[in-house]
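Peer 1: sharing a sequence plus its predicted fold:
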Amino acid sequence: MARYQIILAYDGTGLSGSQRQATARTAQSELENALRRLGWQGRSVLLAGRTDSGVHALGQVAAFDLEWNHPLDELVRALNSNLPAEMAVSAAKIVSDDFHPRFGATSRRYRYRLYCQPIRDPLRERFAWRLWPSVSGDALQEAGKLLIGTYDFAAFGTPPRPGNSTIRTVMKAEWQNQGDEWTFEVRAEAFLYHMVRRLVYVQVAIGQGKFPAQVIADLLEGRQRVIPAGLAPANGLTLVEVTYPE
């Protein structure tokens, strides 16, 4: 028996998030179903983080204990042959028995995609938020820079458990542009519930000229500002990477 760490990708469109639910398909439940076909008898796999319904992943990390007397590449192939088409394992390795993908992580990186067009594009809308009117790139860049650092992000999300700290450290928050598409890359030690989608929503409002970028600094420093309530749609968000100590 050994503990395995895997890197899991999934198209979240047809999944009700990552965590197991009683009556819905989730990334965790589908992974556990695949593992049971390989003889796994555990109660629950461990995940690095929770993704909402409709959110995608390239680098979700899962861990589980399994009796597997074959090479690692055969474990990857066996899992992929039993997972649904919208899910895939890209890598597997043996880790220490006390490894936990959530509590051992040092950072998470998310990517949010959006594009600016007045008419829908069916080939892109599965993985990106369509916006109109367009956004100002300068305003987005200015807003993103204000997020870097250690702040109380209570205005942008809720903690995993009531009463937990809402202070988080953001190491990267950058917007990149290609044609009519914008991509927001954000890395932090950890995120609050709905934090990335809320950050994107507020920055888009700034990019569309509804608020000055200074509103973000005011929120992070405790000076109240009125901002629109809402979340960026789940379909534009992807969990890209979870990092661990060497």
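Peer 2: Okay, I see it. Computed from a prediction, not measured in an experiment: that's the story for all the values here.

Peer 1: so where do the helices sit in the chain?
Peer 2: Assigned by DSSP state H, the chain shows helices spanning 27-36, 72-82, 137-145, 195-207, 214-220.

Peer 1: specify the stretch among those that is closest to Leu66.
Peer 2: helix 27-36 (6.9 Å; CB to CB). Quick note: C-beta positions are derived from backbone N, CA and C, even for glycine.

Peer 1: hmm, back to that, could you dump the helices of the chain to JSON lines with distance to Pro233 and mean pLDDT?
Peer 2: Formatted as JSON lines, the helices of the chain follow (distance: least, CB to CB, whole Å; pLDDT from 0 to 100):
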{"stretch": "helix 27-36", "distance to Pro233": "19", "mean pLDDT": "98"}
{"stretch": "helix 72-82", "distance to Pro233": "29", "mean pLDDT": "98"}
{"stretch": "helix 137-145", "distance to Pro233": "17", "mean pLDDT": "97"}
{"stretch": "helix 195-207", "distance to Pro233": "8", "mean pLDDT": "97"}
{"stretch": "helix 214-220", "distance to Pro233": "20", "mean pLDDT": "93"}
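
Peer 1: just those helices: most buried one?
Peer 2: Mean neighbour count, computed with mean count of other CB atoms under 10 Å, is highest for helix 195-207 among the helices of the chain, reaching a mean of 24.

Peer 1: in the protein, which helix or strand is least confident?
Peer 2: Ranking every helix and strand in the chain by mean pLDDT, DSSP states H and E puts helix 214-220 at the bottom, with a mean of 93.

Peer 1: which residues does that helix contact?
Peer 2: Contacts with helix 214-220, where a contact means CB atoms under 8 Å, 6 or more residues apart in numbering, come from 143, 146-147, 151-153, 155-156, 202-203, 206, 224-225, 227.

Peer 1: please flag which of those sit within strands.
Peer 2: Among these, the members falling in strands (DSSP state E) are Tyr151, Asp152.

Peer 1: which pair in the contacts of helix 214-220 spans the largest distance?
Peer 2: Greatest spacing in those, by CB to CB: Asp152 and Ile206 (19.6 Å).

Peer 1: list the residues that contact the residue lying closest to Phe211 once chain neighbours are set aside.
Peer 2: Distances taken as CB to CB, 6 or more residues apart in numbering place Ala205 nearest to Phe211, at 5.5 Å, with adjacent residues excluded. Contacts for Ala205 (CB under 8 Å, 6+ apart) come out as Phe211, Ile227, Pro228.

Peer 1: filter those to the buried ones?
Peer 2: Buried members of those, scored by 16 or more other CB atoms under 10 Å, are Phe211, Ile227.

Peer 1: how many residues are close by Leu8?
Peer 2: 27 (other CB atoms under 10 Å).

Peer 1: I'm done for today, thanks for sticking with me.
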